Structures are given as C-alpha cells and as structure tokens.
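Q: sequence unavailable; structure follows:
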C-alpha cells in the first residue's frame, strides 16, 4: 500500500509532491509500531535464536538426560499416598534413535521404550519384551525421536500458524498453533514477547485441557534447555513436574545403546 501511495505521489507536480512526501515521512515516524506485526516464521526464529541459534541446534548429534518425573495429584482429588517419583533417563542420537528408561524411586525395576532406527521395542518392569512392526517404528520416529521443539519447528512438514497476541496470567504472548507430523492434535504455544522463549503450551483441538509450563531455562553448551511442569484444566492444577538433574549434549552414545536385548530374543 505504501509503495502504491509513493508511486502516485511521484506523478504529481513538484510543489504538491513535496507537501505529500513531508506528510508521509511524518506519518511513518510518528505512527506507533504494531507489536502484532509478526509472522509465524518471525516468532519461530526468535525462539530458535533465543535458545542458541539454528546452527548450534543442528550441531547437536547426541543428547543424554537424567532427571526425576514427579507425579503430583491435582488439588481437587483426595489421595492419601505421597508423590509418585520416577527416575528417568533419555538418550537421543541423530537422526532418529531414541531411548527412554523409567524406574520407580523405591525399587530397581524399570521399563524401557526404544526406537533403534528400524523398530520400536519396549521392555516392561516384569521383563517382557515387545518388538513392534517397522511401520510402527516409522510412525514413532516422527512423533518421539526429537530432542526438543526446535526439531519440530525446523521440519518442513510441520503446520505452523500465527494466532496473534494473547493474554495469559496477566501477560501478553505471541502465539503459534503447531501440528507436527504424526501428531493427533494441534497445540498452541505461547512465546515471551521480550525474550522469545517458550512459556507455555496447551492442546488446541485435544479433548482435555492441559497446560505445559516451560521453566528454569539453563544453558547446556550453547543451547538453553528447560524444565517442565504440567497441569490440567483452567485452574492450573499441577499434575506432574520433570526436573533434569544432568543434561549432556554431544556425549558418546553408541548404536549398541539402542539395540534390542539379545538375551530376550527367541
């Protein structure tokens, strides 16, 4: 629109042209910037820059995480037991290998879920081994084999829509709707307008309202990672908390870490 106006003014006589050009210049200077003048790509790239940059993120070949998953009953449910705390270990290796082991804090039994680049295999606390089909493995790799949200944003087949500015907990955020490949539902993500960092996400078309808060950003190498708190319904009842005790990137992770246990094969 501004280009069209300038082109029209250019064809006017010099005396009138100067008058209009002065008015347009003052308009551009005095016009307040519209904070809503964003695009999905701008919001996504501000986030990627805030966590360390695209090149640094693409430079991650492996990631190892140790932490605690703490299940916290919502405040409106009467449960006499204490919090359910689980030790969690995850390993990622580019491009698609993923390993997840959880063990109850009170015993040594553990369950494993792993994708080795070909098939998904799981091992229950009772020792039972289940090897799923290669087709299930391909689907699993699309949904789970990613180190963080940056992987989703950088995939070409991710659906990204800018929703505008929304108020959450008395603060304004840029919001995006994302639907990654293989996701059943879209999710709405809230990004801090000052820092560009992710603050919260919630289901867009999911049947249950669930909030995920991204907190306590800490730098690992050149990348900022966060802890997670999850809650249900509009009252923000805390449902679980994930606390990372140790995070390492580009540590040595061998392919054997993802192999199906040979002792359990028939």
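A: Nice, I can see it. On a predicted model such as this, the values are computed, not experimentally measured, just so you know.
Q: for the stretch 1-150 of the chain, which spans come out with low pLDDT?
A: In the prediction, the stretch 1-150 of the chain carries residues with pLDDT under 70 at positions 1-37, 73-83, 106-109.
Q: the spatially most central residue of the chain - nearest residue in space that isn't next to it in sequence?
A: When C-alpha atoms, centre = their mean is applied to the chain, the residue found nearest the centroid is residue 149 (2.8 Å). With C-beta to C-beta, 6 or more residues apart in numbering as the criterion, residue 149 has its nearest non-adjacent residue at 6.5 Å, and that residue is residue 198. All C-beta atoms are positioned from the backbone trio N, CA, C, and that covers glycine.
Q: ok, longest strand in the chain?
A: Longest among the strand segments of the chain by residue count, using DSSP state E, is strand 237-249.
Q: show me what it is packed against.
A: strand 62-71, strand 210-220, strand 223-232 (3 or more C-beta pairs under 8 Å, 6 or more residues apart in numbering; DSSP states H and E).
Q: mind putting the ones you listed into TSV with distance to residue 87 and mean neighbour count?
A: Formatted as TSV, the helices and strands packed on strand 237-249 follow (distance: least, C-beta to C-beta, whole Å; neighbours: other C-beta atoms under 10 Å):
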stretch	distance to residue 87	mean neighbour count
strand 62-71	7	17
strand 210-220	19	15
strand 223-232	15	18
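Q: how about the helix or strand containing residue 160: buried residues?
A: Secondary-structure element containing residue 160, defined by DSSP states H and E: strand 159-168. Counting neighbours by 16 or more other C-beta atoms under 10 Å, one finds that the buried residues in strand 159-168 are 160, 162, 163.
Q: what pairs with that strand, parallel or antiparallel?
A: Taking DSSP bridges as the criterion, strand 159-168 pairs within the sheet with strand 171-179 (antiparallel).
Q: right, and the helix or strand after the partner strand?
A: Where DSSP H and E defines the elements, the next helix or strand beyond strand 171-179 is strand 187-192.
Q: any idea how far the next helix or strand after that following strand is from the chain center?
A: Following strand 187-192 in sequence order, the next helix or strand is strand 198-203 (DSSP H and E). Here strand 198-203 is found 8 Å from its chain centre; the criterion is C-alpha atoms, centre = their mean, to the nearest Å.
Q: how far off strand 171-179 does strand 198-203 point, in degrees?
A: Between the axes of strand 198-203 and strand 171-179, defined by axes from the mean of the first three to the mean of the last three C-alpha atoms, to 10 degrees, the angle is 50 degrees.
Q: list the helices and strands strand 198-203 packs on?
A: Using 3+ C-beta pairs under 8 Å, 6+ apart as the contact criterion, the neighbours of strand 198-203 among helices and strands are strand 187-192, strand 210-220.
Q: go again using 10 Å as the cut-off
A: In terms of contacts (3 or more C-beta pairs under 10 Å, 6 or more residues apart in numbering; DSSP states H and E), strand 198-203 is packed against helix 40-51, helix 149-154, strand 159-168, strand 171-179, strand 187-192, strand 210-220, strand 223-232.
Q: what are the pairing partners of that strand, and which direction each?
A: Strand 198-203 is paired, per DSSP bridges, with strand 187-192 (antiparallel), strand 210-220 (antiparallel).
Q: which other residues reach that strand?
A: Outside strand 198-203, the residues within contact range by C-beta atoms under 10 Å, 6 or more residues apart in numbering are 47, 50-51, 148-150, 168-169, 171, 173-176, 178, 184-193, 209-215, 217, 224, 226, 228-231, 236.
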